[in-house]
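Engineer: Quick one, what's the 3D model for this:
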Amino acid sequence: MSPVPRLAGAHYTVAVIGGGQAGLSVSHCLRERGIGHVVVEANRVGHEWRERRWDSFCLVTPNWQCNLPGHPYSGGDPDGFMVRDDIVRYLEDYVAAFRPPLVEGVSVTRLRRAPNGVFDVTTTAGEFTADQVVVATGPYHTPRIPRTAERLPAAVEQFHSSGYRNPDQLPDGGVLVVGTGQSGCQIAEDLHLAGRQVHLAVGGAPRVARFYRGRDCVAWLDEMGHYDKPIDEFDDADAVRLRVSHYVTGRDGGRDIDLRAFARDGMRLYGRLTGISGPALQFADDLKVNLDHADAVAEGIKDAIDAHIEAVGVEAPREPRYVPVWEPAEQPRALDVTEAGITSVVWSTGFTRDHRWIEIPAFDGRGYPMHWRGASNVPGLYFLGLPWQYSWGSGRFEAVGRDAEFLAGHIDASRRLADVCGTLTGAPAELASALPIG
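Structural biologist: Reported below is the predicted structural model:
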């Protein structure tokens, strides 16, 4: 890597805050354009993958979708799924390949904008300034656990999904997993395969088949242009950004996650968790609705794939459609954790954003950054790596590089125009930053 950049008292054309896949991607794009910058990472590259993923974690998207700028996947298993340590290695190799101006182990604690338009960046290693700033810290900042968790008996050990590592970490006994997004379903499977008695509170997340008609569903959807559809083509863009991802797994070469099959094999399923009073838990009567909804989404995706195959006239093997392997005989509304032998709970309830360190009016009433393709309403301030920032892949290895390239182009054009304006008219540099570039 290049010599560690100086922070205290320095000035940079661009400051990139966050050294994950988003920050590294925009660093590569800025370097390609000859734009001086610094990347400030609070921990070390790959931290989120190292420290917030369980031992058996793997990507749910195929390796061929790992396509960071200048660093496409080059391994021997493009249709496989990287495990946790391979993901970390992929990022470390990226750093070694282009040697970004990276400072690790330094946290940004405050970001302000001076009256002259320059950004003041306060860090644990001192203050510096920058003409433009890219916030590439992602959306997963603070683990979210509902306050009702405080009502559980003290004897029940509680973990957030970000702190779960493996079944042996938990005390002997039954485990309640709350939440059926990607993490909840995969952790429930991990525990189930280890022979633990799992109780799963099922939410409204949809699912998708791993393979259909001879190919990974991701490959079909990619060919159909599904992942390239921009957010502004949806009528309900705000709702799209809040959608929960479809659950599926890349484990052992990839397969469906079928909660009905888990239930058939001994897992206990419930509806959404609605209340806790000591050892007594209450659940909504929506288990069947949630299971049916997940199946309907998966089958709807197959319908779209069938229509695509028919429209383009490609050869693809036929296969029977999914038939539910289990139906709930009742809707369990209550559970006593003591009587059920539950000794631990894993909260797979997501994260909240924490941008309090950004003292700039760039957020809406919900605390979401106001932006267009990552260019915020504040000249010179950008965001990168947000889910559905522009397309499905914006927060993933698949398309974060395209977003990075777009922002690098915007930054470059703003910088050039600011130079021209400043030279010819003395106009403020923020004039250029306010111009979106398509």
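Engineer: When you work out contacts or count neighbours from here on, use the C-alpha atoms and nothing else.
Structural biologist: OK.
Engineer: okay, now the domains of the chain?
Structural biologist: 11-141+353-433, 144-347 (automatic domain parsing).
Engineer: winner for burial among these?
Structural biologist: domain 11-141+353-433 (a mean of 19; mean count of other CA atoms under 10 Å).
Engineer: Quick one: the helices in the stretch 151-300 of the chain, in order.
Structural biologist: Listed in chain order, the helices of the stretch 151-300 of the chain (DSSP state H, counting those that start in this stretch) span 182-193, 217-223, 237-241, 259-264, 287-312.
Engineer: Make JSON lines from those and add mean pLDDT to it.
Structural biologist: JSON lines is the format used below for the helices of the stretch 151-300 of the chain (pLDDT from 0 to 100):
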{"stretch": "helix 182-193", "mean pLDDT": "97"}
{"stretch": "helix 217-223", "mean pLDDT": "97"}
{"stretch": "helix 237-241", "mean pLDDT": "81"}
{"stretch": "helix 259-264", "mean pLDDT": "98"}
{"stretch": "helix 287-312", "mean pLDDT": "98"}
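Engineer: Using CSV, please lay out the ones you listed together with distance to G18.
Structural biologist: Below are those laid out as CSV (distance: least, CA to CA, whole Å):
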stretch, distance to G18
helix 182-193, 23
helix 217-223, 28
helix 237-241, 21
helix 259-264, 36
helix 287-312, 35
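Engineer: Ok, which of those helices comes nearest R415?
Structural biologist: For R415, the closest of these is helix 237-241, at 30.3 Å, according to CA to CA.
Engineer: C-alpha coordinates for the closest one, CSV please?
Structural biologist: Output of helix 237-241 as CSV, limited to C-alpha atoms (Å, rounded to 0.1, in the frame of the first residue of the first chain):
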residue,chain,number,x,y,z
ALA,A,237,-39.3,4.1,-4.8
ASP,A,238,-39.4,4.8,-1.1
ALA,A,239,-41.1,1.4,-0.4
VAL,A,240,-38.6,-0.4,-2.7
ARG,A,241,-35.7,0.9,-0.7
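Engineer: What lies in contact with that helix?
Structural biologist: With contact meaning CA atoms under 8 Å, 6 or more residues apart in numbering, helix 237-241 is reached by I231, F234, P387, W388.
Engineer: What is the most widely separated pair among these?
Structural biologist: F234 and P387 (14.6 Å).
Engineer: Which residue ranges of the stretch 151-300 of the chain form strands?
Structural biologist: For the stretch 151-300 of the chain, strands defined by DSSP state E, counting those that start in this stretch occupy the ranges 157-160, 174-178, 198-201, 211-212, 215-216, 268-270, 273-277, 280-283.
Engineer: H28 is nearest to which of those strands?
Structural biologist: Closest of these to H28 is strand 215-216, at 30.3 Å (criterion: CA to CA).
Engineer: quick one: average confidence on the closest one?
Structural biologist: For strand 215-216, mean pLDDT is 98.
Engineer: Nearest to D93 among the contacts of helix 237-241?
Structural biologist: P387 (24.4 Å).
Engineer: didn't that closest one look like it was pressed against F397?
Structural biologist: No. Using CA atoms under 8 Å, P387 is not in contact with F397; the gap is 11.5 Å.
Engineer: got the strands of the stretch 151-300 of the chain as JSON lines, with distance to I301 columns?
Structural biologist: Converted to JSON lines, the strands of the stretch 151-300 of the chain look like this (distance: least, CA to CA, whole Å):
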{"stretch": "strand 157-160", "distance to I301": "31"}
{"stretch": "strand 174-178", "distance to I301": "26"}
{"stretch": "strand 198-201", "distance to I301": "25"}
{"stretch": "strand 211-212", "distance to I301": "10"}
{"stretch": "strand 215-216", "distance to I301": "12"}
{"stretch": "strand 268-270", "distance to I301": "25"}
{"stretch": "strand 273-277", "distance to I301": "28"}
{"stretch": "strand 280-283", "distance to I301": "29"}
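Engineer: Name the residues that touch stretch 58-74?
Structural biologist: Applying CA under 8 Å, 6+ apart, the external contacts of stretch 58-74 come out as 21, 25, 28-29, 77-84, 94, 218, 248-251, 254, 397-402.
Engineer: Quick check: end-to-end length of it?
Structural biologist: 17 Å (CA to CA, to the nearest Å).
Engineer: Model confidence for C421, exactly?
Structural biologist: 73.
Engineer: what's the host helix or strand of it packed up against?
Structural biologist: Per DSSP states H and E, C421 falls inside helix 400-424. Under the contact definition 3 or more CA pairs under 8 Å, 6 or more residues apart in numbering; DSSP states H and E, helix 400-424 sits against helix 21-32, strand 67-68, helix 430-433.
Engineer: How about the contacts made by H11?
Structural biologist: By CA under 8 Å, 6+ apart, the contact set of H11 is F128, T129, A130.
Engineer: Now secondary structure and pLDDT too, for those, in TSV please.
Structural biologist: Shown next, in TSV, are those (DSSP: H, G, I helix; E, B strand; the rest coil; pLDDT from 0 to 100):
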residue	secondary structure	pLDDT
F128	strand	98
T129	strand	98
A130	strand	98
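Engineer: Now do stretch 368-384: distance from first to last residue.
Structural biologist: Using CA to CA, one end of stretch 368-384 lies 13 Å from the other.
Engineer: now stretch 172-179, how far from the centre of its chain.
Structural biologist: Remark: stretch 172-179 is offset 24 Å from the chain centroid, using CA atoms, centre = their mean, to the nearest Å.
Engineer: How about residues contacting it?
Structural biologist: Residues contacting stretch 172-179 (CA under 8 Å, 6+ apart): 184-185, 187-188, 196-203, 272-273, 340-349.
Engineer: Repeat the analysis, applying 6 Å as the threshold.
Structural biologist: 197-203, 341-349 (CA atoms under 6 Å, 6 or more residues apart in numbering).
Engineer: and what of stretch 342-350?
Structural biologist: Under CA under 6 Å, 6+ apart, the answer for stretch 342-350 is 144, 156-161, 173-179, 184.
Engineer: What of stretch 183-202?
Structural biologist: Residues from elsewhere that reach stretch 183-202 (CA under 6 Å, 6+ apart): 167, 174-180, 267-272, 348.
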